[in-house]
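*Asks:* Sequence plus the predicted model coming up.
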Amino acid sequence: MQKIRHTPVAPTRTQRLASGGEIDAHRHDDHQIAYASQGIIAVTTDAGSWVAPATRALWIPAGTVHRHQAHGELDLHLVGLPATINPLGLDEPAVLAVGPLLRELIVAYTRAPDNDGPPRRRLRAVLLDQLTVSREQPLHLPSPTDPLLRELHDILRADPADNRSLDELGQRIGASARTLSRRLREDLGLTYPQWRTQIRLHHALVLLADGTPVTTVAHRCGWSSASTFIDVFRRTFGHTPGARPTT
């Protein structure tokens, strides 16, 4: 059985991780914000996984058992907040939009965590104020609880470019497309195309962080063309996959 570390106070710091590096399973009595100014940060819990590029941050509620993984060379910024401070009232992990101002506030606040003078307290007050208007983003890849969906999930994660229909995949795992569609709605609240797109986008972010060309990413993740992939990516993240977000 995996041992889970308990670190009561969530740290506030900047940390660099090599691509593929991990912070093992642990929990805090505090809330925590995880933000990657470079690379891609993935957070995994029993409920699923969340992936965030530089235009997003991850909200990790107090008590949540989680682990971090780096994709690409990662500059990770961690902000710990007491459990009594919850600007968005979120009690589940979430992905939050990060605009240029919030990005700079997070980076500046995590650079000198031991300096708790008045200027830094003012900086935190502005950071919290910006968090109250940060939008939650639908980038959660939920872990299905239904055994049939878990089997389907494993197939799609192993090969996101698998373009078989739900009916064809259902024949492989012994279930009708109607049954799988119903269970997806009940278990995850998603249609099959929505779920498959989420899986593909998560995989695409990881490939991009590792320096894979955009055309190759589109092919490996199952889009019919690079232009189709770029359009889906832009609508989801607000910028093209080859562009660095404006800061």
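*Replies:* Nice, I can see it. No experiment lies behind these values; they were computed from the predicted model shown.
*Asks:* Okay, buried residues for stretch 24-35 please.
*Replies:* By 16 or more other CB atoms under 10 Å, the buried positions in stretch 24-35 come out as 25-28, 30-35. No exception for glycine: its C-beta is placed from N, CA and C like everyone else's.
*Asks:* Could you look up the SS state of Asp91?
*Replies:* Three-state assignment for Asp91 (DSSP: H, G, I helix; E, B strand; the rest coil): coil.
*Asks:* In contact with it, which residues?
*Replies:* Pro61 (CB atoms under 8 Å, 6 or more residues apart in numbering).
*Asks:* quick one: it from His31, how far?
*Replies:* Asp91 is 10 Å from His31, where distance means CB to CB, to the nearest Å.
*Asks:* ditto for Asp162
*Replies:* From Asp162 to His31 the distance is 37 Å (CB to CB).
*Asks:* Next: Leu81.
*Replies:* On the measure of CB to CB, Leu81 and His31 end up 4 Å apart.
*Asks:* Same question for Leu131.
*Replies:* Distance of Leu131 to His31, computed by CB to CB: 10 Å.
*Asks:* one step back: joint contacts of Leu81 and His31?
*Replies:* Counting by CB under 8 Å, 6+ apart, the contacts common to Leu81 and His31 are Ala10.
*Asks:* and Leu205, what pLDDT?
*Replies:* Predicted confidence (pLDDT) for Leu205: 85.
*Asks:* which residues does it contact?
*Replies:* 40, 51, 53, 71.
*Asks:* Compare those and tell me which has the most neighbours.
*Replies:* Within the contacts of Leu205, neighbour counts (other CB atoms under 10 Å) peak at Val51, which reaches 26 neighbours.
*Asks:* For that one, what is the enclosing helix or strand?
*Replies:* For Val51, the element it lies in under DSSP states H and E is strand 48-52.
*Asks:* who does that strand touch, helix- and strand-wise?
*Replies:* If you count contacts as 3 or more CB pairs under 8 Å, 6 or more residues apart in numbering; DSSP states H and E, strand 48-52 packs onto strand 31-45, strand 94-97, strand 140-142, helix 192-209.
*Asks:* now the strands for this structure?
*Replies:* Counting by DSSP state E, one finds strands in the chain at the ranges 5-6, 13-17, 22-27, 31-45, 48-52, 56-60, 66-81, 94-97, 136-137, 140-142.
*Asks:* Just name the most buried of the ones you listed.
*Replies:* The highest average neighbour count among these, using mean count of other CB atoms under 10 Å, belongs to strand 56-60 at a mean of 25.
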